[in-house]
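In: sequence plus the predicted model coming up.
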Amino acid sequence: MFESGRRLTASVAARVFAVVVLALAAVASSWIGIDAGQEGRLRVTDALHLARRMLDARALANELVARQAQFALESLQLPAEAASGGEYRRTLAALRQVLDEINRYPLDPADRVLYRTLRQQFEHFDQLHAEITALIRRGTREDELAASNKVLEVAAPLAQDIAEGMRTLDMMVSERAMRAAEDSGAAAERARWALVAFSGLSLLVAWLLANSLGTALAASDALMRRLSELARVDGLTALPNRRAWDEELIKGLHRARRTRQPCTVALLDLDHFKRFNDTHGHQAGDALLRGMAQALAGRLRVGDLIARYGGEEFALLLHGCDGANALRFFDRLHGAAMQGQTFSAGVAQSDGSEEGSEVLQRADRALYRAKAEGRNRTVLAEPIAEAA
């Protein structure tokens with residue numbers, strides 16, 4: 001009897017011990033799983049917010065390149081008191097604010113090193129802008145020459161370096177956001193299997209956690225898809241933006257090389273747009289940009305591309321079109337401008353054998369010639385051999 005009692009007591013104790021162990025294991029695994037899920041969601045959220053700030057910074061850096069070029073041209077052509085560079089200064093201030101916001105996010109060591117380099121370049125650029133403005137305002141021939149040298153030899157390459165650095169940092173941050181989402185999904189999967197291993201309460205907690213994480217991850221996936229779409233569309237004109245243009249230009253040059261059919265790359269800039277903004281206001285300027293974007297896009301063939309390149313500048317890619325046909329096409333566009341607004345354009349024919357940056361550089365030089373020759377015209381760039 002005593003032996004039976006001891007066996008019963010041992011059996012009850014073993015069962016109680018098993019229940020206690022199971023309950024503790026369920027609580028522990030639940031806590032670990034929930035903690036991993038919460039940490040994963042926070043990482044995804046932080047990474048997505050940082051990715052959005054990087055999109056803003058990259059767009060402003062590209063706009064800074066365009067504004068810097070416009071300011072340089074106006075500074076050398078207009079009287080010193082007219083070359084105020086108001087839009088240029090606003091772009092600098094906006095970029096500084098976004099850089100300050102990015103600095104508040106946790107960055108990986110490699111990201112932090114690149115960010116510090118970009119910040120140093122930006123501060124140097126801001127100082128250069130102040131020096132150039134001071135030289136222009138003094139107004140002597142020697143000062144104007146010194147300002148011109150600083151613009152062409154220092155400020156312009158530095159602006160390009162800042163834009164390229166922003167592009168690199170944006171790619172690194174985007175990859176980090178993707179990794180955070182993948183890690184969060186992996187953490188959810190590990191937590192799910194740990195919880196399913198237990199019965200009763202463990203199974204219930206596993207279902208609740210899986211449902212919670214599944215909802216969060218579905219929302220994260222939807223947000224990331226939306227961010228991916230937003231990253232390729234200009235919010236004002238609804239045209240493809242600079243990021244989409246860079247990708248499609250590579251494809252267009254590859255297509256020209258593969259089919260042995262020429263393509264034409266063009267940069268189009270609205271004439272005296274700052275004057276229009278100052279006269280009619282920024283809302284009217286935005287409406288003009290939207291209208292011009294729609295008017296230009298409506299005259300393209302299926303398969304051709306127009307994108308907002310930055311500010312009041314647009315980029316066009318015409319497949320199977322040589323330079324002579326492009327000039328005729330742009331002559332028709334000059335007659336269809338909205339509200340009497342004129343534009344200047346530089347076009348470059350390519351067989352696809354050059355890099356995108358090279359054909360854009362030729363088109364940009366042609367655009368500067370069009371502006372220097374009086375605006376409201378289109379200039380064809382030199383062939384590749386002559387341009388080199």
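Out: All right, it came through fine.

In: burial check on the closest residue to G86 other than its chain neighbours, number of neighbours?
Out: Among residues not flanking G86 along the chain, K274 sits closest, at 7.7 Å (CB to CB, 6 or more residues apart in numbering). Where you see a C-beta, it was placed from the backbone N, CA and C, and this is true even at glycine. K274 has 20 neighbouring residues, counting by other CB atoms under 10 Å.

In: same check, this time on D234
Out: D234 - counted by other CB under 10 Å - has 23 other residues nearby.

In: give the contact list for it.
Out: 240-241, 307-308 (CB atoms under 8 Å, 6 or more residues apart in numbering).

In: per-residue confidence at the residue nearest to G86?
Out: Looking at K274, its pLDDT reads 91.

In: so where does it fall, helix or strand?
Out: Here K274 sits within helix 273-280, counting by DSSP states H and E.

In: mind listing the helices for the stretch 101-250 of the chain?
Out: Using DSSP state H, counting those that start in this stretch, the helices of the stretch 101-250 of the chain run over 109-138, 141-150, 156-196, 201-230, 242-259.

In: and these, which one averages the lowest pLDDT?
Out: Of all the helices of the stretch 101-250 of the chain, helix 201-230 carries the lowest average pLDDT, namely a mean of 50.

In: which ones are touching the spatially closest residue to E354 that is not a sequence neighbour?
Out: Nearest residue to E354, sequence neighbours excluded (CB to CB, 6+ apart): I384, at 6.0 Å. Neighbouring residues of I384 by CB under 8 Å, 6+ apart: 350-351, 353-354, 358, 362.

In: go with 10 Å
Out: I384 makes contacts with 348-351, 353-354, 358-359, 362, as judged by CB atoms under 10 Å, 6 or more residues apart in numbering.

In: pull out the buried members of the residues you listed.
Out: Among those, those that count as buried by neighbour count (16 or more other CB atoms under 10 Å) are 348-351, 354, 358-359, 362.

In: with the residues you listed in mind, which one is nearest to L55?
Out: Minimum distance to L55 across those is 25.4 Å, recorded for V359 (CB to CB).

In: tell me the spacing between the closest one and T140.
Out: With distances taken as CB to CB, to the nearest Å, V359 is found 39 Å from T140.

In: now the nearest residue to A315 once chain neighbours are set aside: phi and psi?
Out: Spatial nearest neighbour of A315, chain neighbours left out: Y309 (4.2 Å); criterion: CB to CB, 6+ apart. Reported as degrees, to the nearest 10, the phi and psi values for Y309 are phi -80, psi -30.

In: next up, the contacts around Y309.
Out: 62-63, 65-66, 234, 239, 241-242, 245, 267-269, 315-316, 360, 364.

In: check G311 too.
Out: Contact analysis of G311 by CB under 10 Å, 6+ apart lists 62-67, 69-70, 87, 91, 269-270, 273-274, 289.

In: can you check L267 too?
Out: L267 neighbours (CB under 10 Å, 6+ apart): 66, 309-310, 313-316, 344-348, 360, 362-368, 370, 381.

In: may I have stretch 117-128 exported as PDB, CA atoms only?
Out: These are the backbone C-alpha positions of stretch 117-128, laid out as PDB (Å, rounded to 0.1, in the frame of the first residue of the first chain):
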ATOM      1  CA  THR A 117      31.500  62.000 -46.000                       C
ATOM      2  CA  LEU A 118      28.400  63.300 -47.700                       C
ATOM      3  CA  ARG A 119      27.800  65.800 -44.800                       C
ATOM      4  CA  GLN A 120      31.400  67.100 -45.200                       C
ATOM      5  CA  GLN A 121      30.900  67.500 -48.900                       C
ATOM      6  CA  PHE A 122      27.600  69.300 -48.400                       C
ATOM      7  CA  GLU A 123      29.200  71.700 -45.900                       C
ATOM      8  CA  HIS A 124      32.000  72.400 -48.300                       C
ATOM      9  CA  PHE A 125      29.500  73.000 -51.100                       C
ATOM     10  CA  ASP A 126      27.500  75.400 -48.900                       C
ATOM     11  CA  GLN A 127      30.700  77.300 -48.100                       C
ATOM     12  CA  LEU A 128      31.600  77.400 -51.800                       C
END
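
In: now do the buried residues in that stretch.
Out: Within stretch 117-128, the residues that count as buried by 16+ other CB under 10 Å are 118-119, 121-122, 125, 128.

In: coming back round to it: in helices, which of the contacts of I384 appear?
Out: Judged by DSSP state H, the subset of those located in helices is 358-359, 362.

In: hmm, back to that, so which of the buried residues of stretch 117-128 is the closest to R96?
Out: Closest to R96 out of the buried residues of stretch 117-128 is F122 (7.1 Å), distances taken as CB to CB.

In: so the closest one touches A93, yeah?
Out: No - assessed by CB atoms under 10 Å, F122 is found out of contact with A93, at 11.5 Å.
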